[in-house]
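S.K.: based on what follows, work out the 3D shape:
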Amino acid sequence: QVQLVESGGGSVQAGGSLRLSCAASTYTHAWKYWGWFRQAPGKEREEVARIFMNIGTTNYADSVKGRFTISRDNAVNTVYLQMNSLKPEDTAMYYCAAGCLPTHSGVCDYWGQGTQVTVSS
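M.R.: Below you'll find the predicted structure:
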């Protein structure tokens, strides 16, 4: 049973930083794209960042460009999301996902349980 375990969420004041981690219990090279998604209450889930595991190519939502950085450590099957200059509108449950389709459709094979990020003004 594949598991993705997120950690690193919490509460922070606006302008602060958090680093999320997503560790997979196993890994297959078929999981080419990993992504970080978020969902705030009453809003649709949105993809905030994705990474192509083989070569590290990244892509970001406009709302987080220049503030968030996605990275990976293939040796330990882990993907990270460094979040800087956090804003109250970044408050959401953050999920990592693996084995995502190349299109930004939100279709992924595996999902983590989520970690809450709360940013106060």
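
S.K.: what about G35, distance to M53?
M.R.: Between G35 and M53 the distance is 11 Å, computed by Cβ to Cβ, to the nearest Å. (C-beta placed from N, C-alpha, C; glycine too.)

S.K.: neighbour-wise, which of these two wins?
M.R.: More neighbours surround G35 than the other of G35 and M53, with 25 against 18 (other Cβ atoms under 10 Å).

S.K.: which residue ranges of the protein form strands?
M.R.: Counting by DSSP state E, the chain forms strands over residues 4-7, 10-13, 18-24, 33-39, 46-52, 57-60, 68-73, 78-83, 92-100, 108-111, 115-120, given from the N-terminal end onward.

S.K.: make a markdown table out of these and add mean pLDDT.
M.R.: As requested, the strands of the chain are exported to a markdown table (pLDDT from 0 to 100):
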| stretch | mean pLDDT |
| --- | --- |
| strand 4-7 | 94 |
| strand 10-13 | 98 |
| strand 18-24 | 96 |
| strand 33-39 | 96 |
| strand 46-52 | 96 |
| strand 57-60 | 96 |
| strand 68-73 | 96 |
| strand 78-83 | 96 |
| strand 92-100 | 95 |
| strand 108-111 | 93 |
| strand 115-120 | 98 |
